[in-house]
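K.L.:
Build me a model from this:
(one chain, ligands or ions: 1)
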Amino acid sequence: MARFRIAVIPGDGIGPEVINSTRHVLDAVGQKFNHDFKYEELLAGGIAIDTTGEPLPASTLETCKNSDALLLGAVGGPQWDTLPGHMRPEKALLGLRSGLGLYANLRPAILYPPLASACPLHPATASRGIDMVFVRELTGGIYFGDRGRREGKNGPEAYDTETYSVMEIERIARMGFELARSRRKKLTSVDKANILESSRLWREIIIKLHAEYPDVALDHLYVDNASMQLILRPDSFDVVVTSNMFGDILSDEAAMITGSIGMLPSASLGQPGCPGMYEPIHGSAPDIAGQDKANPLATILSGAMMLRLAFGLPTEADAVEQAVNQVLSAGYRTVDIMDKSGSADGLKLVGTREMSNLVAAAISKGAQ
Ligand code: NAD
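P.N.:
As a prediction, the model looks like this:
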């Protein structure tokens, strides 16, 4: 029996609800495929501030470092909004990213066929399907560059600086090429090389590395064109690799064309051998917390990414994703993915707990 240590941070708001759901589903995977998932629940975010006085206790980070992977619900809420910046719950996320060296953010954007009507694009476009992954650089670029205020020739001004080293570009590019190699073997690199020097270096390095991945088809898009092509021909994208800021913006665009925020998982990864962080892209949704209304599928699908990427269990990850598809195909919906057009015939409204029970049951029943 294989044993995996999972650091679990439920966090705030709907965090504990979606994490409980995901543990339930992982337990079904463990039983079905004979794995032992050992969870260690840890404090971070608002609940950690209330309990220990700080958003990310040192003991939480230490335990995460010594685990095989980290599964996180969400942090934050209005009751902590007035605290000073360094004491905000969201500080825990930055502390985890920097403490674990998580430099790559993977965000799949998949339109599940039963949810096609939730896609805001033209039905003919939606019917061709969407299945892409964004690989966003997470710890460099303009979000981390030199910044400030100063006196300029036209008076007071502000500046931010985009800086990328060869090392930073190479490691994120490799992540993109490797991922493309494991999928449909197509990598799109997004930059602004017609204007920015940092983008010209980005493109140079990507082209150079391509020699090591001849089986992967590579193309380049300027970021403004990429934002149009995502709407026009989303089915043609497989893996997209890009910088911190371009990835931040484009991955949200890609997320929206696949329907609800309650469906979207993510993984933040660092060096091989270091634990990655798996979490839904949504926040703590204080407006629906504690009401059994949250869609747990984004966190459950983050769990599937953890099985595949952290534990090397692709069959088990496929089983979770197939179970989700099966439950959606059978018409079960949490409130966020009910058909907004009013044609809700055949759809069955379920809560957080029932949705995870259904997914767990589908895994238990599925073929091994
Ligand atoms: P949010 O994602 O929490 O909620 C936005 C909207 O989406 C709300 O109407 C909410 O009800 C809905 N929603 C979100 N997740 C859902 C789910 N699983 N099922 C059904 N509906 C869902 O964003 P927000 O309201 O801007 O932020 C709330 C708090 O979460 C803030 O304190 C924010 O800082 C924090 N936040 C945390 C993270 C994180 O922990 N990674 C990410 C984003 C926001």
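K.L.:
can you give me the end-to-end distance of stretch 138-145?
P.N.:
12 Å (C-alpha to C-alpha, to the nearest Å).
K.L.:
touching the ligand at all, that stretch?
P.N.:
No: using C-beta under 6 Å from any ligand atom, stretch 138-145 stays clear of the ligand, coming no nearer than 12.9 Å. Every residue, glycine included, has its C-beta placed from N, CA and C.
K.L.:
Enumerate the residues of the stretch 201-350 of the chain near the ligand.
P.N.:
With C-beta under 6 Å from any ligand atom as the criterion, the stretch 201-350 of the chain comes near the ligand at residues 261-262, 279, 282-288, 294-295, 298, 336.
K.L.:
Need the CA coordinates for the helix or strand encompassing Val25. CSV is fine.
P.N.:
Assigned by DSSP states H and E, Val25 falls within helix 15-33. Taking C-alpha atoms only, helix 15-33 is exported to CSV below (Å, rounded to 0.1, in the frame of the first residue of the first chain):
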residue,chain,number,x,y,z
GLY,A,15,-12.7,26.4,2.7
PRO,A,16,-13.5,23.8,5.3
GLU,A,17,-16.6,22.6,3.4
VAL,A,18,-14.8,22.1,0.1
ILE,A,19,-11.8,20.5,1.8
ASN,A,20,-14.0,18.0,3.7
SER,A,21,-15.7,17.1,0.4
THR,A,22,-12.3,16.5,-1.2
ARG,A,23,-11.0,14.4,1.6
HIS,A,24,-14.1,12.3,1.2
VAL,A,25,-13.4,11.8,-2.5
LEU,A,26,-9.7,11.1,-1.9
ASP,A,27,-10.7,8.5,0.7
ALA,A,28,-12.8,6.8,-2.0
VAL,A,29,-9.8,6.8,-4.3
GLY,A,30,-7.6,5.4,-1.5
GLN,A,31,-10.0,2.6,-0.8
LYS,A,32,-10.6,1.8,-4.5
PHE,A,33,-6.9,1.8,-5.5
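K.L.:
Quick one: mean pLDDT for it?
P.N.:
For helix 15-33, mean pLDDT rounds to 98.
K.L.:
which is the next helix or strand following that helix?
P.N.:
Counting by DSSP H and E, the element after helix 15-33 in chain order, helix or strand, is strand 35-41.
K.L.:
Distance from that next one to the middle of the chain?
P.N.:
Put simply, strand 35-41 sits 21 Å off its chain's centre (C-alpha atoms, centre = their mean, to the nearest Å).
K.L.:
and the one residue in the stretch 51-200 of the chain that gets nearest to the ligand, how many neighbours?
P.N.:
Nearest to the ligand in the stretch 51-200 of the chain, going by C-beta to the nearest ligand atom, is Gly76, at a distance of 2.6 Å. Gly76 has 23 neighbouring residues, counting by other C-beta atoms under 10 Å.
K.L.:
my read is Pro10 is in a strand, agree?
P.N.:
Yes: counting by DSSP: H, G, I helix; E, B strand; the rest coil, Pro10 falls inside a strand.
K.L.:
ok, now which ones touch Ser356?
P.N.:
Residues counted as contacts of Ser356 (C-beta atoms under 8 Å, 6 or more residues apart in numbering) are Asn20, Ser21, Thr22, His24, Val25, Pro296, Ile300.
K.L.:
Mind doing that once more with 10 Å?
P.N.:
For Ser356, the contacting residues are 17-18, 20-25, 28, 296-297, 299-300, 327, 350, by C-beta atoms under 10 Å, 6 or more residues apart in numbering.
K.L.:
of all these, which comes closest to the ligand?
P.N.:
Taking C-beta to the nearest ligand atom as the measure, the ligand lies nearest Val18 of the contacts of Ser356, at 6.1 Å.
K.L.:
In the protein, mark out all the helices, start to finish.
P.N.:
Applying DSSP state H to the chain gives helices spanning 15-33, 46-52, 58-65, 91-100, 123-126, 166-181, 197-210, 223-232, 244-256, 297-305, 314-329, 352-365.
K.L.:
Please identify the deepest-packed of these.
P.N.:
helix 297-305 (a mean of 27; mean count of other C-beta atoms under 10 Å).
K.L.:
tell me the mean pLDDT for it?
P.N.:
When pLDDT is averaged over helix 297-305, the result is 97.
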